[in-house]
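Novice: have a look at this fold, sequence not included:
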């Protein structure tokens, strides 16, 4: 009966969905969590991971898998069962071939060999297989692009921050604010250690723009020229050097400007802990990847509060040959310096974090390979099964094994190429979405995928396809020509 037939196929597809959903749920809960946890342990001292099972999410994912799998089965079964049994017993007539758009490009079409023309026509001849292959391979390529894009977006920010922008070697904090005479005295002492240095005020204030409000570090240098030797102001768009903001102006770092939703020409209100305010105009938005800052001139502060800010922070660049940690030890032994930080240590810490991303990238690429294998294996297997008489015929005509394989698998490579190209665009969109989700306030990650990553994504996708085709090559060789040709007309 129809009910028994439906039950048989629905049980097959439903049980596969349930089994795959359960395996995927527990694998995702434990494997993904463990990989990410171990990656971040390289940067932070974490306790051992505690796995928490989200049953509600698992149930939703399982339900979605069952609906997709069983729903597709129901549609296919009703489509077949709508025909009379006598028609179902007869073998299906092969899909009719049609002229394709490439044939209209005569200077390309006339240069193709006969079997190449046949393969290209066959690609568009089986529309369902075409769509499924494109979607599957496109998804595989998109995952690889997104994974490699993560590495691209993270890999250069540390070197850009500490070698192009924050070019000073260390940050010193004084126990008490230094007046002009004390700064002069400290400068004499620093001659032994530093090539250049800049005194500045660094304090946390609230930044308000319309309905947006955020706390951030306000940087006010005592001398702008000295400060510009320690920190390079570069436009986030063009990378060109920026001039230091004049009185009543401010420069914001890129991430803070994005959080506040401001751009050049907008007005900001800055409020300190005593609720004193000053209003500034955004003169520019600069590149900065680690932490957020607002840079203003001391004249702006003086005009708003009637006095200069206190200078307790120093950015300094070491003399050639000086050891940073030994210099820190020497300065901390004095009464003036209360704390010190070395940029190289911060750079190393961030580099450890970035290197840990490789584990996540590798995991995503493995999953992409699994997706490509499942899609290519199943569709190639179906393709061979449906065209077994055709394949047997060309073998009888004297085709060598490699010629037969080339005839069949050439279609796979064409579809793989189309799917991979489609996946490049989808992968970029997926990468942009992921970057928006993982961006944190303290660090700005640019959504960037290099040309090398795009090329590598296509190459890896083809490697996955070659691996599956090599596996199916042995099935082609096992086709019994006589038995296949004996099947009903």
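Specialist: Here it is on my side, so go on. Just so it is clear, the model here is predicted, and its values are computed rather than measured.

Novice: okay, CA-based contacts and neighbour counts for the rest of this
Specialist: Fine.

Novice: mind picking out the helix or strand in this protein with the poorest mean pLDDT?
Specialist: Counting by mean pLDDT, DSSP states H and E, the weakest-scoring helix or strand in the chain turns out to be helix 481-485, with a mean of 58.

Novice: quick one, longest strand in this protein?
Specialist: Once the chain is assigned using DSSP state E, the strand that runs over the most residues is strand 194-209.

Novice: I would like the residues contacting that one, please.
Specialist: Outside strand 194-209, the residues that touch it by C-alpha atoms under 8 Å, 6 or more residues apart in numbering are 183, 213-223, 226-227, 229-230, 260-262, 267-273, 309-319.

Novice: ok now it, how far from the chain's centre?
Specialist: Offset of strand 194-209 from its chain centre (C-alpha atoms, centre = their mean, to the nearest Å): 33 Å.

Novice: if you count neighbours, what's buried in that strand?
Specialist: Going by neighbour count (16 or more other C-alpha atoms under 10 Å), the buried part of strand 194-209 is 194, 196-203, 205-209.

Novice: hmm, who's touching stretch 285-292?
Specialist: 157-158, 161, 165, 216-217, 233-236, 239, 242, 251-257, 263-264, 441-445.

Novice: before we move on, what about stretch 263-273?
Specialist: Here stretch 263-273 makes contact (C-alpha under 8 Å, 6+ apart) with 204-209, 257, 277-285.

Novice: distance between the ends of it?
Specialist: Stretch 263-273 has an end-to-end distance of 25 Å (criterion: C-alpha to C-alpha, to the nearest Å).

Novice: average pLDDT across it?
Specialist: Averaged across stretch 263-273, pLDDT comes to 90.

Novice: same question, stretch 33-50
Specialist: On average, stretch 33-50 scores 66.

Novice: again with stretch 443-454
Specialist: Across stretch 443-454, pLDDT averages out at 86.

Novice: got the buried residues for that stretch?
Specialist: Per 16+ other C-alpha under 10 Å, stretch 443-454 contains these buried residues: 444, 445, 446, 447, 448, 449, 453, 454.

Novice: repeat for stretch 235-255
Specialist: Quick answer for stretch 235-255 (16+ other C-alpha under 10 Å): 235, 244, 245, 247, 248, 249, 250, 251, 252, 253, 254, 255.

Novice: and for stretch 323-333?
Specialist: Neighbour counts using 16+ other C-alpha under 10 Å place 324, 327, 328, 331, 332 of stretch 323-333 among the buried residues.

Novice: three-state assignment of residue 177?
Specialist: Assigned by DSSP: H, G, I helix; E, B strand; the rest coil, the conformation of residue 177 is coil.

Novice: what does residue 250 give?
Specialist: Three-state call for residue 250 (three-state DSSP): strand.

Novice: what pairs with it across the strands?
Specialist: Going by DSSP bridges, residue 250 is paired in beta bridges with residue 282, residue 296.

Novice: contacting residues around it?
Specialist: For residue 250, the contacting residues are 280, 281, 282, 283, 284, 294, 295, 296, 297, by C-alpha under 8 Å, 6+ apart.

Novice: find the centremost residue of this protein, please.
Specialist: Using C-alpha atoms, centre = their mean, the residue of the chain that lies closest to the mean C-alpha position is residue 150, 3.2 Å off.

Novice: in what helix or strand does that one lie?
Specialist: Residue 150 is part of helix 127-155 when elements are defined by DSSP states H and E.

Novice: how far is that helix from where the chain is centred?
Specialist: Relative to its chain's centre, helix 127-155 lies at 12 Å (C-alpha atoms, centre = their mean).

Novice: do stretch 385-392 as well
Specialist: With C-alpha atoms, centre = their mean, you get 42 Å for stretch 385-392.

Novice: and residue 210, how many residues sit next to it?
Specialist: Burial of residue 210 is recorded as 12 neighbouring residues (other C-alpha atoms under 10 Å).

Novice: torsion angles phi and psi at it?
Specialist: Main-chain dihedrals, residue 210, degrees, to the nearest 10: phi 60, psi -120.

Novice: same thing with residue 443?
Specialist: Dihedral angles of residue 443 (phi, psi; degrees, to the nearest 10) stand at phi -130, psi 140.

Novice: now do the contacts for it.
Specialist: Counting by C-alpha under 8 Å, 6+ apart, residue 443 touches 255, 289, 290, 291, 292.

Novice: who does it bridge with?
Specialist: residue 290.

Novice: that one and residue 157: what is the separation?
Specialist: Distance of residue 443 to residue 157, given as C-alpha to C-alpha: 9 Å.

Novice: now residue 313
Specialist: Taken as C-alpha to C-alpha, the span from residue 313 to residue 157 is 25 Å.

Novice: the two: which has the busier surroundings?
Specialist: Neighbours were counted for residue 313 and for residue 157 using other C-alpha under 10 Å; residue 313 has more, 26 against 22.

Novice: excluding residues flanking it in the chain, which one is nearest that one?
Specialist: Spatial nearest neighbour of residue 313, chain neighbours left out: residue 173 (4.7 Å); criterion: C-alpha to C-alpha, 6 or more residues apart in numbering.

Novice: now the strands for the stretch 51-200 of the chain?
Specialist: Using DSSP state E, counting those that start in this stretch, the strands of the stretch 51-200 of the chain run over residues 170-174, 194-209.

Novice: mind listing what the closest residue to residue 338 other than its chain neighbours touches?
Specialist: Leaving aside its chain neighbours, residue 338 sits nearest to residue 175 (4.9 Å; criterion: C-alpha to C-alpha, 6+ apart). By C-alpha under 8 Å, 6+ apart, the residues touching residue 175 are 312, 335, 336, 337, 338.

Novice: how about a markdown table for the residues you listed, with secondary structure, distance to residue 61 and pLDDT added?
Specialist: Output for the contacts of residue 175, formatted as a markdown table (DSSP: H, G, I helix; E, B strand; the rest coil; distance: C-alpha to C-alpha, whole Å; pLDDT from 0 to 100):
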| residue | secondary structure | distance to residue 61 | pLDDT |
| --- | --- | --- | --- |
| 312 | coil | 55 | 93 |
| 335 | coil | 62 | 86 |
| 336 | coil | 60 | 89 |
| 337 | strand | 57 | 89 |
| 338 | strand | 54 | 91 |
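
Novice: residues contacting residue 257?
Specialist: Applying C-alpha under 8 Å, 6+ apart, we find residue 257 in contact with 263, 285.

Novice: pLDDT of the helix or strand where it lies, averaged?
Specialist: Using DSSP H and E, residue 257 sits in helix 254-260. The average pLDDT for helix 254-260 rounds to 90.

Novice: mind starting the numbering at 37 from now?
Specialist: In the new numbering, first residue 37, that becomes helix 290-296.

Novice: what's the first helix or strand after it?
Specialist: Next along the chain after helix 290-296, taking DSSP H and E as the criterion, comes strand 303-307.

Novice: buried ones in that next one?
Specialist: Under 16+ other C-alpha under 10 Å, the buried positions of strand 303-307 are 303, 304, 306, 307.

Novice: pick out the most distant pair among the residues you listed.
Specialist: 303 and 307 (13.4 Å; C-alpha to C-alpha).

Novice: now do the contacts for the residue nearest to the centre of the chain.
Specialist: Applying C-alpha under 8 Å, 6+ apart, we find residue 186 in contact with 393, 397, 467, 471, 484, 485.

Novice: residue 439: which of those is nearest?
Specialist: Ranked by distance to residue 439 (C-alpha to C-alpha), those are led by residue 397 at 37.3 Å.

Novice: relative to residue 142, how far out is that closest one?
Specialist: 43 Å.

Novice: which of these two has more neighbours?
Specialist: The neighbour count for residue 397 versus residue 142, taken as other C-alpha under 10 Å, is higher for residue 397 (19 against 9).
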